[in-house]
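> take this sequence and fold it.
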Amino acid sequence: MTVLVSRTGITTVDEPTDPHLDGIVELLRQSIPAECAGLTPYHAATFAAFLGAAVAPPSGLRTVVLRCVRDSSRVRAVADWRVIGRRLFLNGIAVAAGQRGRGWGGLLLDDGYDLARQLGCADLALDVSSSNPRARRLYERRGFTDESYAQWTEVRLDGVAPDPTVRLLDWPSFAAHHVAYGFGDLRIGWATGTASVRVVGPSLRLAAEAPGPGLAAALAQVVPATRCYRIGPTTEAAIAGGFARFVRMSRPVDLRS
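Here you go, the predicted structure:
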């Protein structure tokens, strides 16, 4: 598979040493809602190194595709696409200050649709904060509809005894990834199940099905965690709760020639 420039002025980041990677990461960080600051991989201190590693393989083997509107000196807008099975997921999209209102966001979404067709993806998907109605309207105009709803809620760490049944299932590979890039997914097991925990700096993100405080307290013995939260399903009509709510939206892709 060769990633083409499907829209005028939009290019793919192809080089691990691309001089714009730091600027891309800074833009993507600014796209995260303030209430989620510090909790996503974009906030990891060395996330630019991760993106460099992600674009190093030949284009046909990558699962991360960075598409940019840029000139020689700066990035005006960026879309961070992830290939997940037959779905092309928009992990993040951002437009630089002073460049908003020029249609870059819509252009990158249209480009993503072209990219999905090239990749043979059945649909596009993304998560948008429910506190960002402007972005949600943009996605709706591009054919996206609601698929599901999620809520982020805090899990307390103080004064909780560690769950003695917790075991770290892939600690060596997680530790190497965390040291290199500042974040990672740690597989854990406990008395009745297994799950992955996302670790970004000192924050832990638990899966919806994972038990809460005891598990987090156990992990805090090896990861210097100061904050823990979980993401769980909710409904559009649910009374607001937690500290953040997101809408998963998707759009089908017509793969007919």
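> could you find the closest non-adjacent residue to the residue most central in space within the chain?
Closest residue to the average C-alpha location of the chain: Asn91 at 4.2 Å, with CA atoms, centre = their mean. Distance criterion CB to CB, 6 or more residues apart in numbering; nearest residue to Asn91, sequence neighbours excluded, is Asp80 at 4.5 Å. Every C-beta, even on glycine, is put in place using the N, C-alpha and C of the backbone.
> same question, Ala49
Tyr181 (5.9 Å).
> measure that neighbour to Arg187 for me?
Applying CB to CB, to the nearest Å, the value for Tyr181 to Arg187 is 17 Å.
> between those two, which is the more surrounded one?
Ranked by neighbour count (other CB atoms under 10 Å), Tyr181 and Arg187 place Tyr181 first, with 21 against 15.
> pLDDT score for that one?
We have a pLDDT of 96 for Tyr181.
> how close does it get to Ala175?
As for Tyr181, its distance to Ala175 is 12 Å (criterion: CB to CB).
> next one: Leu66
In this view, Leu66 and Ala175 are 27 Å apart by CB to CB.
> equivalent analysis for Ala191, please.
Here Ala191 is placed at a distance of 24 Å from Ala175 (CB to CB).
> out of the two, name the residue with the larger neighbour count.
Ala175 (15 against 10).
> tell me the phi and psi of the more buried one?
phi -60, psi -40 (degrees, to the nearest 10).
> how about Glu140?
Taking degrees, to the nearest 10 as the convention, Glu140 sits at phi -60, psi -40.
> run through the bridge partners of the nearest residue to it once chain neighbours are set aside.
Of all residues not flanking Glu140 in the chain, Met249 sits nearest, at 8.0 Å (CB to CB, 6+ apart). Here Met249 sits in beta bridges with Leu126, Asp146, going by DSSP bridges.
> which residues does Met249 contact?
Going by CB atoms under 8 Å, 6 or more residues apart in numbering, Met249 touches 125-128, 136, 139-140, 144-147.
> out of these, the closest to Pro211 would be?
For those, the minimum distance to Pro211 (CB to CB) is 24.6 Å, reached by Asp127.
> now do the contacts for the closest one.
Counting by CB under 8 Å, 6+ apart, Asp127 touches 150, 246-249.
> so how far is Gly60 from it?
Asp127 sits 27 Å away from Gly60, taking CB to CB as the criterion.
> now do the helix or strand hosting Ala218: which elements does it pack against?
Per DSSP states H and E, Ala218 falls inside helix 213-219. Packing contacts for helix 213-219, counted by 3 or more CB pairs under 8 Å, 6 or more residues apart in numbering; DSSP states H and E, involve strand 183-190, strand 203-206.
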